[in-house]
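In: what's the 3D shape of this:
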Amino acid sequence: MPSSPGTETFPAATPAASLVFTTVLSHGPLTRLEAARRAGLSPAAVTKAVRPLIASGYLVEDAGAEARPALGRPANPVRVDGGRALFVGVKLTGDEIIGVLTDLCCRTLVDRRVPLADRAPGAVLAATADLVRELLTEADGYGVRVAGLGIAVSGDVDRAEGVVRYSPFLEWREVPLAELATAATGLPVTVDNDVRALTVAEQWFGAGVGLSDFAVVTVGAGIGCGLVVHGRVVAGAYGVAGEIGHVTVDPDGPPCHCGNRGCVEAVAADAAILARIRETGGTEVADTAEAVERARRGDAGAREAYARAGNAIGRGIATVANLLGPSRVIISGEGLAAYDLFAEHVREAFTAAAFGSAARCDVRTRPLPFEEWARGAAATAIQSFITPPH
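Out: A predicted model of the protein is given here:
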């Protein structure tokens, strides 16, 4: 396989060094004093952390920048050298694999999509390894090693163990994906829930930069939620924190694949909307595109299904706001293609159900294609690479 990963380790042996690097990665270029202020560390601690990172080429000092007095310490800004290492990110869906090659700053250099004809773990692994091989060949042209692979999968994913506990769209249970993918590609592999991976990318490089508390809610084939609390992406004790798709909004509602009734996902996911249109209209609807077209033409049943979905999503978001008080909720996912049909209902339900000041939460939309979800997977690989082992 091209572009052997090598054995180099990141020279951030302490949590402080990892924090400084992450701070510069998200906010840089920064002077050492600015990095200290943002990271909540002493200038001396930052100077100590920066030294090996500059020596190894992961940070570079912009010596040509206008220097500012800084109590005897260098005042030139430091920034991450994005070309110092490369990463591969892969997003798995039920029918497609999306892959990206990124630099250390998670800037996408190459992207690829391949169809997925067979959802069995062995078939998906083989197709993923082929795609990774192709991206590693592309990486050879940059003359830089690939330091890690991130894989994002929907469902219950145990990142610490690298195991997909349950993925409804792939119909997987207890698949040790990190171990299998490492054996197939030769790369260090990080496996995470796809929405959490997207949340990492938003925290470091997107609409969550600089926010200590925010959430990412995704709508489409499923309903997902990634949470950042006090600056950390939260997985919970069992890796399922943020599952607002399985918050009950209607105890007498339709059955959900999780075994309960009236979950947000059972009302607002794409399949649930199609089922509702068929149920109320008595006619077949082929796919989401047809459902959207009907609703925009004024079909009462289709419009009711989207209104109902918006109400469920708004109530789910209000639950997050009431429990955690995020400053922002970012709504994304492929379901945003129909957002004009349910945006008003999301807002009304959120406002009605949010308690007190929780209603001040900034709810905004951010359309992101699946390449951005794959980039989120690459962000988790970068995160694993720069975080010292516990």
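
In: Please enumerate the helices of the stretch 251-390 of the chain.
Out: 264-268, 270-281, 288-296, 300-324, 343-353, 370-386 (DSSP state H, counting those that start in this stretch).

In: Residue 263: what's its closest spatial neighbour, skipping adjacent residues?
Out: With CB to CB, 6 or more residues apart in numbering as the measure, residue 256 is the residue that lies nearest to residue 263, at 4.1 Å, once sequence neighbours are left out. Any C-beta I mention is one placed from the backbone N, CA and C, and that applies to glycine too.

In: burial count for the one you found?
Out: The burial metric for residue 256, expressed as a neighbour count using other CB atoms under 10 Å, is 20.

In: Hmm, it is touching residue 246, no?
Out: Yes. Judged on CB atoms under 8 Å, residue 256 makes contact with residue 246 at a distance of 6.8 Å.

In: what do the two both touch?
Out: With contacts defined as CB atoms under 8 Å, 6 or more residues apart in numbering, the residues shared by residue 256 and residue 246 are 263, 265.

In: ok so, going back, tell me who's in contact with the residue nearest to residue 263.
Out: Contact criterion CB under 8 Å, 6+ apart gives 246, 262, 263, 265, 266 as the residues in contact with residue 256.

In: ok, now with 7 Å
Out: When the contact criterion is CB atoms under 7 Å, 6 or more residues apart in numbering, the partners of residue 256 are 246, 263, 265, 266.

In: One more: residue 224?
Out: Residues in contact with residue 224, defined by CB under 7 Å, 6+ apart, are 195, 218, 245.

In: which residues of the stretch 251-390 of the chain score low on pLDDT?
Out: When residues are selected by pLDDT under 70, those of the stretch 251-390 of the chain lie in 388-390.

In: now do 80
Out: Low-confidence regions of the stretch 251-390 of the chain, defined here as pLDDT under 80, cover residues 281-282, 388-390.

In: Please identify which of the helices of the stretch 251-390 of the chain is closest to residue 133.
Out: The closest of the helices of the stretch 251-390 of the chain to residue 133 is helix 370-386. By CB to CB, the value is 15.9 Å.

In: Next, the contact list for the residue lying closest to residue 295 once chain neighbours are set aside, please.
Out: The spatial neighbour of residue 295 that comes closest, neighbours along the chain excluded (CB to CB, 6+ apart), is residue 302 at 3.8 Å. Listed by CB under 7 Å, 6+ apart, the contact set of residue 302 reads 277, 291, 294, 295.

In: Wait, the second one touches residue 276, no?
Out: In this case it means residue 291. No. Using CB atoms under 7 Å, residue 291 and residue 276 do not qualify as a contacting pair, with a distance of 9.3 Å.

In: Just the element for the spatially most central residue of the chain, please.
Out: The residue at the geometric middle of the chain, judged as the C-alpha nearest the mean C-alpha position with CA atoms, centre = their mean, is residue 198 (1.0 Å). In this assignment (DSSP states H and E), residue 198 forms part of helix 194-205.

In: Please name every helix or strand in contact with the helix or strand following that helix.
Out: Scanning forward in sequence from helix 194-205, with DSSP H and E defining helices and strands, the next element found is strand 214-219. Contacts of strand 214-219 with other secondary structure elements, assessed using 3 or more CB pairs under 7 Å, 6 or more residues apart in numbering; DSSP states H and E, are made with helix 194-205, strand 223-229, helix 300-324, strand 328-332.

In: Could you single out the most deeply buried of those?
Out: Each of the helices and strands packed on strand 214-219 was given a mean neighbour count from mean count of other CB atoms under 10 Å, and the largest, a mean of 27, is that of helix 194-205.

In: which residue packs closest to residue 22, ignoring adjacent ones?
Out: Nearest in space to residue 22, with sequence neighbours left out and distances taken as CB to CB, 6+ apart, is residue 386 at 6.7 Å.

In: In contact with the one you found, which residues are there?
Out: With contacts taken as CB under 7 Å, 6+ apart, residue 386 has the following neighbours: 10, 12, 18, 21, 22.

In: let's go with 6 Å and repeat that
Out: 10, 12, 18, 21 (CB atoms under 6 Å, 6 or more residues apart in numbering).

In: And it, how close does it get to residue 49?
Out: 12 Å (CB to CB, to the nearest Å).

In: and if you look at residue 190?
Out: Residue 190 sits at a distance of 23 Å from residue 49 (criterion: CB to CB).

In: so residue 11 makes contact with residue 52?
Out: Yes. Checked against CB atoms under 6 Å, the pair residue 11 and residue 52 is within contact range at 4.5 Å.

In: Mind checking which of these two has more residues around it?
Out: Neighbours per residue, other CB under 10 Å: of residue 11 and residue 52, the larger number sits with residue 11, 18 against 15.

In: My reading is that that one lies in a helix. Confirm?
Out: No. With DSSP: H, G, I helix; E, B strand; the rest coil as the criterion, residue 11 is located in coil rather than a helix.

In: Torsion angles phi and psi at it?
Out: In this entry, residue 11 is assigned phi and psi values of phi -80, psi 40 (degrees, to the nearest 10).

In: Likewise for the one 4 residues further on?
Out: Listed backbone geometry of residue 15 is phi -60, psi -30, with angles given as degrees, to the nearest 10.

In: Quickly note the distance from it to residue 288.
Out: Note on residue 15: its distance to residue 288, by CB to CB, is 44 Å.

In: residues touching residue 153, list them.
Out: 92, 164, 167, 194.

In: One more pass at 7 Å, please.
Out: Remark: with contacts taken as CB under 7 Å, 6+ apart, residue 153 is in contact with 92, 164, 167, 170, 177, 191, 193, 194.

In: Using TSV, lay out those residues together with pLDDT.
Out: What follows is those, written out as TSV (pLDDT from 0 to 100):
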residue	pLDDT
92	96
164	96
167	92
170	93
177	97
191	97
193	93
194	94
